[in-house]
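Chemist: Fold the following, please.
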Amino acid sequence: MPEEILMESLCRHIGQTVTIFTTSGGLSGSGFTGTLAAVCGGRVKLITAIGAPPACPLGSSCTGPFNNTFGGFAGGFVQGFNGCGNNWLGSITEIPLCAIASFTHNAIHSF
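Modeler: Numbering: from 1, shown residues only. As a prediction, this is how the structure comes out:
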C-alpha cells in the first residue's frame with residue numbers, strides 16, 4: 001500500500017484505539033495496540049500506556065502524616081495508584097510508516 005494512502009487512512013482514526021502490525025519479527029510483529037495520537041513525518045505515534053495523573057496538584061501528598069501504603073486519609077490510594085512510590089509515566093510507541101504491514105480498527109467510527 002503506498003504510504004500516502006496509508007497515511008490518509010491512519011489519519012481518519014486519530015484518537016481511536018487501533019492495532020498496528022509491523023513487518024518485523026518477534027514480539028513487535030505481533031502488533032502494537034494503543035490510541036493513535038499522530039501521523040506525521042513518516043511515523044505513527046501510539047499511546048500504548050496512559051501515564052498516571054498528577055500526584056500532588058496542591059502540594060506534596062507524598063510526604064506528611066497521611067502518606068502510608070495501607071492507611072491514612074488517602075495513603076493507599078496515593079501510593080497505589082498515582083505514582084508517588086512508582087514511576088508510572090506511560091509509554092508511546094513510534095512506528096515508521098514503511099514498517100507497517102497492516103492496521104486494525106473498529107468498523108464503526110466518526111468521520
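Chemist: Next up, the contacts around residue 106.
Modeler: By CB atoms under 8 Å, 6 or more residues apart in numbering, the contact set of residue 106 is 16-17. Placement of C-beta: from N, CA and C, glycine included.
Chemist: ok, residue 102 - contacts?
Modeler: Here residue 102 is in contact with 20-21 (CB under 8 Å, 6+ apart).
Chemist: SS state for it?
Modeler: Three-state call for residue 102 (DSSP: H, G, I helix; E, B strand; the rest coil): strand.
Chemist: gap between it and residue 90?
Modeler: Computed as CB to CB, to the nearest Å, the residue 102 to residue 90 distance reads 25 Å.
Chemist: repeat for residue 5
Modeler: To residue 90, residue 5 is 30 Å away according to CB to CB.
Chemist: partner residues bridging residue 45?
Modeler: Applying DSSP bridges to residue 45 gives these bridge partners: residue 38, residue 94.
Chemist: quick one: contacts for it?
Modeler: With CB under 8 Å, 6+ apart, residue 45 has these contacts: 36-39, 92-94.
Chemist: can we see that at 7 Å?
Modeler: Residues counted as contacts of residue 45 (CB atoms under 7 Å, 6 or more residues apart in numbering) are 37-38, 92, 94.
Chemist: can you list the residues you listed in CSV and add pLDDT?
Modeler: Shown next, in CSV, are the contacts of residue 45 (pLDDT from 0 to 100):
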residue, pLDDT
37, 95
38, 95
92, 93
94, 95
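Chemist: Nearest to residue 27 among those?
Modeler: Set against residue 27, the nearest of the contacts of residue 45 by CB to CB is residue 94 (16.1 Å).
Chemist: so the closest one makes contact with residue 42?
Modeler: No - in terms of CB atoms under 7 Å, residue 94 does not count as a neighbour of residue 42; the distance is 10.2 Å.
Chemist: Confidence-wise, which helix or strand of this protein is lowest on average?
Modeler: Sorting the helices and strands of the chain by mean pLDDT, DSSP states H and E puts helix 75-81 at the bottom, at a mean of 42.
Chemist: What separation do you get for residue 49 and residue 103?
Modeler: Using CB to CB, residue 49 is found at 19 Å from residue 103.
Chemist: All set now, cheers.
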